[in-house]
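A.B. asks: Everything below, folded, please.
(chains A and B)
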Amino acid sequence: MRDDVLSGGFTDTPVEAARAFRAALEAMARPGSIHRVEGARAPAPVSEAAAVLLLMLCDRETPLYLAPGHDVAPVRDWVAFHIGAPLVGASEAMFALGGWQALAPLDAYRIGTPDYPDRAVTLIAELGNLAPEGARLSGPGIRETARLSLPEVAAFQRNHRLFPLGWDAFFTCGDRLAALPRTSVVEAG
Amino acid sequence: MSVTEIGTEARRGWMGLLARAPAARLAGVFDPLGAAPGFEWLRAPETGGVMVRGRTGGTGAPFNMGEMTVTRCALRLETGEVGHAYVQGRDKAHAERAALVDALMQGPRAAELREAVLAPLAEAEAEARRKRAARAAATKVDFFTMVRGEG
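C.D. replies: Reported below is the predicted structural model:
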């Protein structure tokens, strides 16, 4: 168990973090596009892509919420050693990690304020399946429409209506990730 | 030997000693021990700043004294022991040697390391303190109040 906790960080941090950041940036700028990332390994049940996102996006100043299922001792220890992010409840988090069902209820998270709409949570949702099919996406960054296998549609429609407030989401599955910002319009496919 | 058997106090002692030792002196006593054992990085050496805090007289309210540069790293030997190091300055080789010694001190070579590395470092540190204290003592002034001509 100790092995899992201490290993799994980037081996060449500047290069790997820059590559991962590029992938996350592309994913967020072009909702629905799927990107591969690599270089990090966290204890189960955290996927490789989610581990990369945590290492790259989180630090001591970004409160992190671990949803039930991901809130286990090895993951907590791994976060403490590699990232140092304070673990907090859903309402204070800047990042939240968990399965889609476990992240609910979604109205517990920060959605920003009219003065600072950026002070909102970024969800990192672990999905069992991530494919360019299913719900139809349109909006900024999407030429006509894109498709992404979202776990549901209603929650994203409600979130989009809050714009410019609202949360943003990354989806991870194995070593692949995609993203859906609050600007995207989601319709059932 | 696990970390709990060694005791936190003892480990704190040698980690502090390694952190304070000048890089060249640590290299001087560690490198003659022969080839460094194989290891993998858990956290490659990285340099950053830490805020040093102090308390007036050791018991007063804490205050920020100033920032200092530290280099830290963590590694695991082929035999499984994990070594950590936080050292003064930005010398990555110093941090690596300190972490190696910390890891080796938890293994079967502890006695050898204690003799060859820790003892000379502790001695050098004590000697430097003595010299400094002696220099300071030479400038010591004893103040006393003369009896004033009252009464």
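
A.B. asks: State whether B:A126 is indeed within a helix.
C.D. replies: Yes - in this structure, B:A126 lies within a helix as judged by DSSP: H, G, I helix; E, B strand; the rest coil.

A.B. asks: what about it, neighbour count?
C.D. replies: By other C-beta atoms under 10 Å in any protein chain shown, 10 other residues sit near B:A126. In this view, the C-beta of every residue, glycine as well, is placed from N, C-alpha and C.

A.B. asks: got a pLDDT number for it?
C.D. replies: We note a pLDDT of 94 for B:A126 in this prediction.

A.B. asks: where do the strands sit along chain A?
C.D. replies: A:35-36, A:64-66, A:95-99, A:122-126, A:135-138, A:146-148, A:168-173, A:176-180, A:185-187 (DSSP state E).

A.B. asks: what's the answer for chain B, then?
C.D. replies: B:39-55, B:62-77, B:82-88.

A.B. asks: closest to chain A out of the ones you listed?
C.D. replies: Counting by C-beta to the nearest C-beta, chain A lies closest to strand B:39-55 out of the strands of chain B; the figure is 4.8 Å.

A.B. asks: right, is the closest one up against chain A?
C.D. replies: Yes - using C-beta under 8 Å from any C-beta of the partner chain, a contact is recorded between strand B:39-55 and chain A, made by B:40-44, B:46.

A.B. asks: that older thread, what would the strands of chain B look like in JSON lines with mean neighbour count and mean pLDDT?
C.D. replies: Putting the strands of chain B into JSON lines (neighbours: other C-beta atoms under 10 Å in any protein chain shown; pLDDT from 0 to 100) gives the following:
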{"stretch": "strand B:39-55", "mean neighbour count": "14", "mean pLDDT": "91"}
{"stretch": "strand B:62-77", "mean neighbour count": "16", "mean pLDDT": "93"}
{"stretch": "strand B:82-88", "mean neighbour count": "21", "mean pLDDT": "93"}
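
A.B. asks: tell me the contacts of residue 74?
C.D. replies: Picking chain A for this. A:1, A:4-5, A:43-44 (C-beta atoms under 8 Å, 6 or more residues apart in numbering or on different chains).

A.B. asks: Chain B, not that one
C.D. replies: A:6, A:81, B:41-43, B:82-85, B:99.

A.B. asks: is it in a bridge, and if so with what?
C.D. replies: In this entry, B:A74 is beta-bridged to B:R43, B:H84, by DSSP bridges.

A.B. asks: Return the residues in contact with A:R147.
C.D. replies: With the criterion set at C-beta under 8 Å, 6+ apart, A:R147 makes contact with A:32, A:132-137, A:189.

A.B. asks: could you show me where the helices are in chain A, in order?
C.D. replies: In chain A, the helices defined using DSSP state H lie at A:2-6, A:13-29, A:48-57, A:73-82, A:100-103, A:154-161.

A.B. asks: Could you identify which of those is most buried?
C.D. replies: Greatest average neighbour count among the helices of chain A goes to helix A:48-57 (a mean of 25), per mean count of other C-beta atoms under 10 Å in any protein chain shown.

A.B. asks: Okay, angle between that one and strand A:122-126 too, please.
C.D. replies: Per axes from the mean of the first three to the mean of the last three C-alpha atoms, to 10 degrees, the angle that helix A:48-57 makes with strand A:122-126 is 160 degrees.

A.B. asks: could you check the angle helix A:73-82 makes with helix A:48-57?
C.D. replies: 30 degrees.
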